[in-house]
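S.K.: need a 3D model of the sequence below.
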Amino acid sequence: MVGEQITDTRMRRPVITARAAATFEPVGRSVATARAFVRDTLQGWGYGDIVDDAVVLTSELVTNAVVHAGTAADVLCLRTDGGVRIEVADRYPEREIPLQNTGRAFAHPDREGGRGLLLCGALASRWGVEYTASQKHVWFQLDLPERPAGTRSAGPALPVDALPVADSRARVAVVQIDRGGCISFWNEDARDLFAYDPEQVVGKPLTDFAAWPHTPGTGTGIAEALLLSRWEGSYGIRGADGRVVPVYASHLRVRDADGEPYTVCLLVRDHERAILQSPLRTPAPDTAAQPPEGRGPADPFEVFIGSPAPDDLDGLLQRTVERARDMLDGDAAYLLLATDDETELEVRASTGLPSARQRFARVPVEAGSGRYGSARMPAVHEDLTAVPGAVPLLSGTGMRSVVTVPLKVEGRLTGSLGVAAEAPGRYTNEEALRLQFAADRIALAVERARLTELERLRRGSLSFLVEASDLLAGTLDRDQTLALMAQMTVPTLATWCAVYTVADQASEPELSYVLHEDEDRIDGLKSLLMKVDPPEPVPTPGARLWNAPTDAAHDAALRTSLRSLGLGNSARPSTGPGATLATASAVGGETVVLPLVARNRVIGMLTLGKPSEEHFRQEILELAEDLSRRAALALDNARLYSERTAISQSLQRSLLPPELPEVPGVEVEVIYRAAGEGNEVGGDFYDLFPIRDGAYGFAIGDVCGTGPEAAAVTGLARHALRLLAREGFGGPAVLERLNAAILDEGARSRFLTLLYGELWPQRDGSAVLKVVCAGHPLPLRLRQDGTVEPAAEPQPLLGVMDDLELYEQTVTLDPGDVLLCVTDGVTERREGTRMLGDDGLTDVLTTCTGLTAGAVAARILRAVERFAAEPASDDMAILAMRVPEVPLTA
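M.R.: The predicted structure follows:
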């Protein structure tokens with residue numbers, strides 16, 4: 001069955017230029033592995049524009065195969081001349097797919113299953129399902145974005161006032177990058193632009209200096225961009241003073257005479273991008289379709305923006321403010337876009353203003369009463385000094401007069417365009433009408449470009465959240481969860497991040513983790529945050545501003561500057577002025593706090609920050625809010641798991657015997673291993689304790705099963721043995737009474753195998769033992785001559801029958817003899833169909849002649865571990881007692 005979008009593909013078969021295939025087993029981790037496979041494949045093919053859609057669709061289809069269908073998934077990626085086709089096949093061809101026009105509704109998009117085909121219909125250019133006798137294939141096609149082709153053509157002659165503006169001395173930095181991504185050439189213009197001498201940068205990676213835009217889904221990484229044959233775009237270079245210089249770059253990948261590839265990067269200041277920016281390639285005009293000269297109106301949009309128009313939102317907005325400024329002969333211009341709820345405006349482009357400080361800053365739509373207080377109406381301010389604060393965006397810029405007009409689409413406010421001048425009285429209603437006319441011409445194009453950017457960001461955000469959820473779900477360790485939270489936000493969402501945790505409602509927030517994209521700034525940032533009162537743990541959802549770090553950093557920088565001039569306190573600072581100023585720059589921008597709320601309780605705060613004078617865009621804050629909800633639940637799960645583990649381990653440790661006593665004339669060694677993650681005690685147990693002068697009791701036993709339930713019977717048995725033995729009961733009587741106590745537990749009782757004995761060291765260096773073996777593996781005696789023999793006879797186990805008749809047997813250990821007692825976790829160690837067994841244990845013990853008790857126990861454990869590659873699945877206890885050849889004194 002094929003979706004409605006599918007056309008007859010037999011009309012034109014695409015040319016396959018590359019393929020990649022992989023098979024993924026039916027386990028949960030395969031979904032993340034499949035996503036990584038598709039992402040790496042498409043990035044390697046240079047198809048970064050469609051990576052996010054491909055990853056999302058592959059994730060859903062592979063999930064259907066390995067999770068819901070429970071079969072292996074075969075993923076095949078095919079590169080064609082126009083895009084990529086991805087096929088996902090499972091081994092369950094009987095599964096149904098949703099049908100249209102059959103009276104059956106599609107599955108709800110929020111359901112766990114059945115979303116894959118719905119997403120294919122929403123995101124893919126074409127898709128379909130094919131069946132064979134043994135497999136079901138779901139395939140989808142993603143086409144590359146339209147890229148108009150054609151030869152470059154000369155632009156028209158323009159009047160001087162319509163030409164792009166550049167500095168009187170245009171500087172073009174030429175930077176050469178070698179195969180490893182390191183700088184190999186740095187010209188004089190690069191030195192003038194960024195204040196680095198060549199010897200300071202040659203040999204270092206470009207990534208050490210580049211401030212790359214990290215918005216998810218809206219760009220290619222710098223490492224990938226350097227490998228493309230050509231690339232153009234904007235990013236930043238950190239200058240020697242620590243500030244980021246916005247640049248427009250053109251990259252060209254070439255090779256030298258020896259065939260060694262390298263990349264040539266041409267860089268100019270971003271406001272001079274016209275020097276390097278290539279015009280959009282367009283098809284050659286159809287002269288037959290052109291109206292005769294002098295006939296037919298020109299497109300008002302092209303008249304204002306110029307042709308060709310920028311093909312990206314940022315380029316379009318920047319061109320708009322430049323043309324608006326030139327049209328009204330202003331000194332500055334800016335454009336703001338409205339948020340979805342039309343309550344705030346966000347600065348997206350400006351010229352003649354400190355753009356780094358203003359970008360993504362937000363102002364309210366309704367700033368005051370009257371028409372001039374609303375961005376929904378045109379407004380003219382002849383002199384801003386007469387109404388301070390009327391236009392907060394221009395405060396401190398020296399601008400005196402300003403005209404602003406709204407951008408509207410179908411009556412809805414989508415933005416605001418303003419032009420300002422340093423002289424008062426420059427603008428009247430006539431200029432407002434001219435600017436409004438221009439705004440009306442571009443509003444629809446701006447809105448379309450904005451929606452296209454939002455869609456790309458949404459798809460990138462979806463891919464980001466899918467991967468973040470997988471990472472957070474993959475651990476229950478609290479510290480690792482904190483680290484993941486920070487690493488996922490830096491540098492993708494923010495420049496730095498701090499995570500505060502709240503233990504309970506009565507506790508103060510505690511700074512638990514700090515991360516900065518520049519590792520050299522982490523210590524200074526952490527030191528600064530430790531001096532600042534933590535944010536209030538408010539449960540209100542959403543991001544809220546937090547100015548404390550910025551204020552503290554500015555105060556510290558001011559004190560450092562005054563101290564360097566000899567005007568401040570003479571006390572020696574804890575850090576140098578360079579580090580203090582660098583920290584102030586690192587946290588000087590916007591800082592927001594998002595609550596971490598899980599199970600109706602605030603368990604912490606996620607703090608995100610930007611460097612000096614930078615702001616967050618609204619879409620990034622919404623993405624951070626989504627991430628904080630997932631991170632909060634993961635952090636709380638890790639907390640609950642840690643608390644449960646700590647309680648379990650504390651209770652289990654209480655079941656272990658205290659430190660073993662020293663027995664005169666006898667060496668004793670015990671090795672214990674409990675099965676199961678986080679278990680310190682299981683169903684196997686041991687004990688050695690003094691009964692009375694010259695007599696010691698010892699026991700080694702195995703309760704049916706493992707884990708906490710078996711450990712409960714372990715505690716009962718161990719404490720009962722001590723109590724009964726010290727009351728003077730002999731071995732058989734002790735075990736008979738313990739048998740009755742176990743049966744009294746009713747449904748909670750478990751049968752128990754037990755070897756119990758009493759030990760009397762003798763003056764002649766030997767030791768006498770009286771033992772009772774109730775269903776337990778028999779103890780083995782190793783003589784000095786290397787012979788091994790059982791030291792007791794088997795008797796009924798405990799916890800099964802009411803009336804037991806047990807008897808004890810006496811064994812004398814001569815000097816050099818060893819008594820080895822183990823649980824069935826040793827003898828029943830398996831590797832496939834092989835089992836160590838009693839004979840295998842006897843063979844190992846035979847090689848232990850002359851060894852100390854500790855060495856005997858260690859050799860037995862090593863033999864058990866080496867017998868099989870897999871970890872042991874049963875509890876294991878080893879008790880070795882040896883009478884040394886030379887008697888030990890007490």
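S.K.: can you give me how far the longest helix that the chain contains is from the chain middle?
M.R.: Ranked by residue count under DSSP state H, the longest helix found in the chain is helix 429-473. Here helix 429-473 is found 26 Å from its chain centre; the criterion is Cα atoms, centre = their mean, to the nearest Å.
S.K.: quick check: next helix or strand after it?
M.R.: Remark: after helix 429-473, the chain's next helix or strand is helix 478-489, criterion DSSP states H and E.
S.K.: can you pull out the residues in contact with the helix or strand just after that next one?
M.R.: Downstream of helix 478-489, the first helix or strand assigned by DSSP H and E is strand 496-501. Strand 496-501 is contacted by residues 482, 485-486, 489-490, 509-517, 521, 525, 529, 534-535, 537, 586-587, 596, 603-609, 635 when judged by Cβ atoms under 8 Å, 6 or more residues apart in numbering. All C-beta atoms are positioned from the backbone trio N, CA, C, and that covers glycine.
S.K.: is it correct that R319 falls within a helix?
M.R.: Yes. Applying DSSP: H, G, I helix; E, B strand; the rest coil, one finds R319 inside a helix.
S.K.: near it, how many other residues are there?
M.R.: Number of residues near R319 (other Cβ atoms under 10 Å) recorded here: 20.
S.K.: remind me, longest strand of the chain?
M.R.: In the chain, taking DSSP state E as the definition, the longest strand is strand 244-255.
S.K.: in its sheet, what does that one sit against?
M.R.: strand 230-238 (antiparallel), strand 261-269 (antiparallel) (DSSP bridges).
S.K.: just these: most buried one?
M.R.: Across those, the average number of neighbours (mean count of other Cβ atoms under 10 Å) peaks for strand 261-269, which reaches a mean of 19.
S.K.: give me the contacts around that one.
M.R.: With contacts defined as Cβ under 8 Å, 6+ apart, strand 261-269 is touched by 167, 170-179, 184, 190, 193, 206, 226-227, 237, 245-256, 275-276.
S.K.: skipping adjacent residues, who's closest to F37 in space?
M.R.: With Cβ to Cβ, 6 or more residues apart in numbering as the criterion, F37 has its nearest non-adjacent residue at 5.2 Å, and that residue is A22.
S.K.: so what pairs up with the one you found in the strands?
M.R.: Beta bridges link A22 to V75 when assigned by DSSP bridges.
S.K.: what distance do you get for it to A494?
M.R.: According to Cβ to Cβ, to the nearest Å, A22 stands 34 Å off from A494.
S.K.: for V826, same thing?
M.R.: For V826, the distance to A494 (Cβ to Cβ) stands at 55 Å.
S.K.: and A379, by the same measure?
M.R.: Per Cβ to Cβ, A379 is found 34 Å from A494.
S.K.: settle it for me: which of those two has more neighbours?
M.R.: Shown here are A379 and A494; by other Cβ under 10 Å, A494 has more neighbours (29 against 21).
S.K.: ok, the more buried one touching F616?
M.R.: Yes. Using Cβ atoms under 8 Å, A494 is in contact with F616, at 7.5 Å.
S.K.: just to revisit the earlier point, out of the strands paired with strand 244-255, nearest to T33?
M.R.: Of all the strands paired with strand 244-255, it is strand 230-238 that lies closest to T33, at 29.3 Å by Cβ to Cβ.
S.K.: pull the contacting residues for F729.
M.R.: Per Cβ under 8 Å, 6+ apart, neighbours of F729: R737.
S.K.: using the three-state scheme, assign it.
M.R.: Quick answer, by three-state DSSP: F729 is coil.
S.K.: L206 versus that one, what's the distance?
M.R.: Here the distance between F729 and L206 works out to 81 Å (Cβ to Cβ).
S.K.: low-confidence regions, the stretch 201-350 of the chain specifically.
M.R.: In the predicted model, the stretch 201-350 of the chain carries pLDDT under 70 at residues 212-221, 278-309.
S.K.: doesn't E870 lie inside a strand?
M.R.: No. Assignment of E870 by three-state DSSP gives coil, placing it outside any strand.
S.K.: from the contact counts, what lies against the helix or strand where D839 lies?
M.R.: Per DSSP H and E: D839 is located in helix 837-846. For helix 837-846, the elements it packs on are strand 780-782, strand 788-790, strand 818-822, helix 824-827, helix 853-867, judged by 3 or more Cβ pairs under 8 Å, 6 or more residues apart in numbering; DSSP states H and E.
S.K.: does T753 touch G775 like I think?
M.R.: Yes. Assessed by Cβ under 8 Å, T753 is found in contact with G775 at 4.1 Å.
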